[in-house]
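[1] using only what follows, build the 3D model:
(2 chains)
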Number of protein chains: 2
Amino acid sequence: MALFKVQALYDFVGESNTAELSITTGEVLTVTRTDIGEGWWEGLNSRGQSGLFPEAYVAKIEETAPPNMPPPALPPQNDWTGAQQDDDWDDEWDNDDTYSEIANNAQREPHYTNEPNQNQFAYGSGQVDNISESSYNVDNRVTKKSLNIFSSYVKSGLESYIFGTLKDIPSHTKIRIFRENDNVFRWELISDPYTVQVTSPKKASKMGGLKSFIAYQLTPSFTGIEVSRRYKHFDWLHDRLSEKFNIIAIPPLPDKQISGRYEEHFIEHRRVQLQEFVNYVCRHPVLSTCDVWRHFLTCTNEKQWKEGKRKAEKDQLVGANFCLCIEAPDKDLLASTIESKIESSISYINQMDQCIKGLMQTASDQQKKCENLYKREHTKIGESFFQLGVAFEHREGGLFSDLATDVKKIGTTYIEIAKLCEDQAKIDWQPLTDKLYLYRGITSSYPDIFSMQKHAEQKKKECERNTQFSHQQITEVRKRTDVLTYSVFAELDHFQAEMNTEFRSAMRSFLQEQVNYYKNVVSRLEDTLRKFE
Amino acid sequence: MALFKVQALYDFVGESNTAELSITTGEVLTVTRTDIGEGWWEGLNSRGQSGLFPEAYVAKIEETAPPNMPPPALPPQNDWTGAQQDDDWDDEWDNDDTYSEIANNAQREPHYTNEPNQNQFAYGSGQVDNISESSYNVDNRVTKKSLNIFSSYVKSGLESYIFGTLKDIPSHTKIRIFRENDNVFRWELISDPYTVQVTSPKKASKMGGLKSFIAYQLTPSFTGIEVSRRYKHFDWLHDRLSEKFNIIAIPPLPDKQISGRYEEHFIEHRRVQLQEFVNYVCRHPVLSTCDVWRHFLTCTNEKQWKEGKRKAEKDQLVGANFCLCIEAPDKDLLASTIESKIESSISYINQMDQCIKGLMQTASDQQKKCENLYKREHTKIGESFFQLGVAFEHREGGLFSDLATDVKKIGTTYIEIAKLCEDQAKIDWQPLTDKLYLYRGITSSYPDIFSMQKHAEQKKKECERNTQFSHQQITEVRKRTDVLTYSVFAELDHFQAEMNTEFRSAMRSFLQEQVNYYKNVVSRLEDTLRKFE
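    Reported below is the predicted structural model:
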């Protein structure tokens, strides 16, 4: 507990029904916690009310309040009421299967587990003490990324990393970054590449059929041993990866969906999307080798699962501190190099983000149109011809029965094409949409990465200007900042290389399927045409 | 003038703003004309008001009115205010070119010309006398078909024909009908088949460019001499044919259209539609040999045009009396044969009419969709890919310039396909729509034909029951009715044979164009796909 007095420099009106505390300029508050992170402090006012307020809005009592100035920008606002939004997940997070039990045991422990159905900021409940006494007793444990769905900008643990405040750095394997050429950086290649097959989604049930769920089978090539994972396990994994790798873009999981969750098509499509996610992680030099991922891929034992889960949730090398695991080129980065690469990357990623989003919307829209509009149109064409054929048939004497048969054949051909068109969408537009969804998830996480890099640079510059820092300290800070920047570069270049390969392949598949579809249409129409020759 | 007294048997409320006269049961009227046709008489009431009322609603004064009975069905109601609807045609019927002058000179003559822009029933004007004294002075000249757009059921001259009242039958060539087999009848084949090419629509102008019009060039194979005809000449011809051939389905002309009349596409499309019309007439054994058609195809001289026009308009062998030109098999038709063939034909034509209409709507709708919706969708696909390609290009260093180029190529390919799709509609859906439009015009005129045949049969039966008729008279009536029925049969069988051939050919062309389109799409996509292999 912090326990020191501060005076409010500005008015702050807390959101009602949140943990925020309204404060009035001049008011004296007792700070009870400073380790909330993201610029928030916790304190008590004179009326005994407790809550969160922006650190920048108060000054320690011994300081003199600055003269009239506009209040600084508010820190990012967490979604303190997150638990309400998570209602939908309850069903996904039921307690009735083996892995679920593991997960929920963990939740019941005093550790801060980041389970998405847990109210992260349960202030006013007895949990506060638990949290402050357990999870938050290490300086570096202030990572907020993925604590809330809402969280968009995170500088988690950045100062801790830049200023090297993490004590007792755990042992870890170094991940090397090398310079491929003047402007291109690479994560060290995966020494033992592997693949993981996501197969056979199975519907299973517990509690005598009261609760049911879908389990996907994962088989890593390096073990050949199948493990069974539910969507919620992927979700837990995704939280861990997002928390640990603030400077690595984590591919998105398929959207949660409540209705139609047990429909065959939905399940199979989610399998394909999970396979996309798994593939991306497998090909990533850093992600594919990290402990939590390996644990997720290999653990078949409940006790080990529990241990691995707890270990992952206690990982200290998360957020910016993950950079402690990185061995970057031993060459200072020039400010101009950094600026030019970062600026062009920001512009590139922004544009790419928009274009991927645009094509994704088009692809998704076309898929729907193939399944509905175009199918309907082709069916209507088919029916119109077919009915005309029937009208020819109607004529007694069979004088025109050939024409009747042939015109009806045009009808059935277009009705077949309608079906082709519907089926087609699942093999051309849908896979393209899935690929674009994955990359769109990645491009959309870059602003946070760029922002972190920018803040690291700012911190570095502040140090360089600060006369209290020794030359050695400044050198250390520079080195750490460079490592972070090198990591961002390596990640950017990895992303681009991946996208280049993957998009080329996705476009090829898409075009090939389009060609197949149109060839199929031609072939059916030609068959029908022959009747008229 | 008739001038005899009648008493109203029923109330009749005339439509306001028309030539109809309201009459009240018991009222005494002076009949001034009985030759209006279609069940209408003209008379004066005691207040001196003049107008039309249904013949069946009155009884000659010497007759005793029947006791309370529901009034008989109203005669078909003509569109007395037709002139107002014809306003749109004025522009089409301007007076400023050679052929137009010919046409309008004819209109100014005392003859009843059936020009569509003339108010047919200009009662209350001085024209009434002209009409009754000139056009209507021959018994057989009561044809009302095509007098008004509204006219749907016409028994024009039926009684005149059945009872053989036409005096001084003009000389004419006989058209033979032969029995092909038990149930199929044929018009005698055309001895000298020919074709007519409709070419080079030309925009011309008169009065120093104040008035402009489009002239189509027609070249019959039997003369090789090009004649120039405007839409309004086709329209005049169509009126003549419809008037003369009540038992032959006249193919429709393309719709009148005011806006966009001078747009290149509209003009070319109308040319194609006129060619369809011309082709149908050329292949018809009766239509292709008739005088007015020959006159239309060959006349190049203004004086001759005028003479031919007047001759056509004065033709006495019109309506049912055209049957006087027909030489049918000399074998009485069995009532059962007639009934079965007519009933099945009615049902067949009804169904065909619906199905042709259905497919025509689909085809016309698809054409619009190709030109708008599908084009737009393909363009959107193309643009989405193209923009993604540009985003790849944007990356400095040209690392991914190949992918940029190739993805842009996908974009341009789909934009090309969008254009193909638009162009395509004019070579597959539009010709199909045109063909269906023609046949739909024909099927929709069959109810009138069937109705006429049915009324002829009724007249025949009335005669057979009427003891006043001699055996010889009844035989004559029977023979004439059979000739009319044979003609309907021959026309039905001609129509079906034509439709069989023409639809087979239209479907073949349509399918061939669809195949070409899809092959073209495949070829472009394959070209693009090669960039990705």
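[2] what does the stretch 351-500 of chain A put close to chain B?
    For the stretch 351-500 of chain A, the contact set with chain B under Cβ under 8 Å from any Cβ of the partner chain comprises A:351-352, A:354-356, A:358-359, A:361-363, A:366, A:369, A:377, A:380-381, A:384-385, A:387-388, A:390-392, A:394-397, A:399-400, A:403, A:406-407, A:410, A:496, A:500. Any C-beta I mention is one placed from the backbone N, CA and C, and that applies to glycine too.
[3] from those, which land in helices?
    Of those, the ones assigned to helices by DSSP state H are A:351-352, A:354-356, A:358-359, A:361-363, A:366, A:369, A:377, A:380-381, A:384-385, A:387-388, A:390-392, A:394, A:403, A:406-407, A:410, A:496, A:500.
[4] now, of those, which are buried?
    Listed as buried from these are A:351-352, A:355-356, A:358-359, A:362-363, A:366, A:369, A:377, A:380-381, A:384-385, A:387-388, A:391-392, A:394, A:403, A:406-407, A:410, A:496, A:500; burial here means 16 or more other Cβ atoms under 10 Å in any protein chain shown.
[5] hang on, A:L297 in a strand?
    No. Counting by DSSP: H, G, I helix; E, B strand; the rest coil, one finds A:L297 to be helix, located in no strand.
[6] the strands in chain A, which residues?
    Ranges of strands in chain A, per DSSP state E, are A:4-8, A:28-37, A:40-44, A:50-54, A:58-60, A:175-181, A:184-187, A:196-206, A:211-220, A:227-230, A:326-327.
[7] can you tell me the centre-most residue of chain A?
    Note on chain A: the residue nearest the mean C-alpha position is A:P252, at 3.7 Å, using Cα atoms, centre = their mean.
[8] CA-only coordinates of stretch A:359-373 in PDB, if you can.
    Provided in PDB are the C-alpha atoms of stretch A:359-373 (Å, rounded to 0.1, in the frame of the first residue of the first chain):
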ATOM      1  CA  LEU A 359     -11.500  -6.400 -49.900                       C
ATOM      2  CA  MET A 360     -12.600  -8.300 -46.900                       C
ATOM      3  CA  GLN A 361     -16.000  -6.500 -47.000                       C
ATOM      4  CA  THR A 362     -16.200  -7.100 -50.700                       C
ATOM      5  CA  ALA A 363     -15.300 -10.800 -50.300                       C
ATOM      6  CA  SER A 364     -17.700 -11.300 -47.500                       C
ATOM      7  CA  ASP A 365     -20.400  -9.500 -49.300                       C
ATOM      8  CA  GLN A 366     -19.800 -11.500 -52.500                       C
ATOM      9  CA  GLN A 367     -20.000 -14.700 -50.400                       C
ATOM     10  CA  LYS A 368     -23.400 -13.700 -49.100                       C
ATOM     11  CA  LYS A 369     -24.500 -12.600 -52.600                       C
ATOM     12  CA  CYS A 370     -23.400 -16.000 -54.100                       C
ATOM     13  CA  GLU A 371     -25.300 -17.800 -51.400                       C
ATOM     14  CA  ASN A 372     -28.400 -15.700 -51.700                       C
ATOM     15  CA  LEU A 373     -28.800 -13.100 -54.500                       C
END
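[9] tell me how far A:S451 lies from A:V318.
    Taking Cβ to Cβ, to the nearest Å as the measure, A:S451 falls 17 Å from A:V318.
[10] with neighbour numbers in mind, choose between the two.
    A:V318 (23 against 16; other Cβ atoms under 10 Å in any protein chain shown).
[11] what are the phi and psi angles of that one?
    In terms of degrees, to the nearest 10, the main-chain angles of A:V318 are phi -120, psi 170.
[12] how many residues are close by whatever residue of the stretch 101-250 of chain A ends up closest to chain B?
    Relative to chain B, the nearest point of the stretch 101-250 of chain A is A:N183 (6.4 Å; Cβ to the nearest Cβ). Residues lying near A:N183 (other Cβ under 10 Å) number 15.
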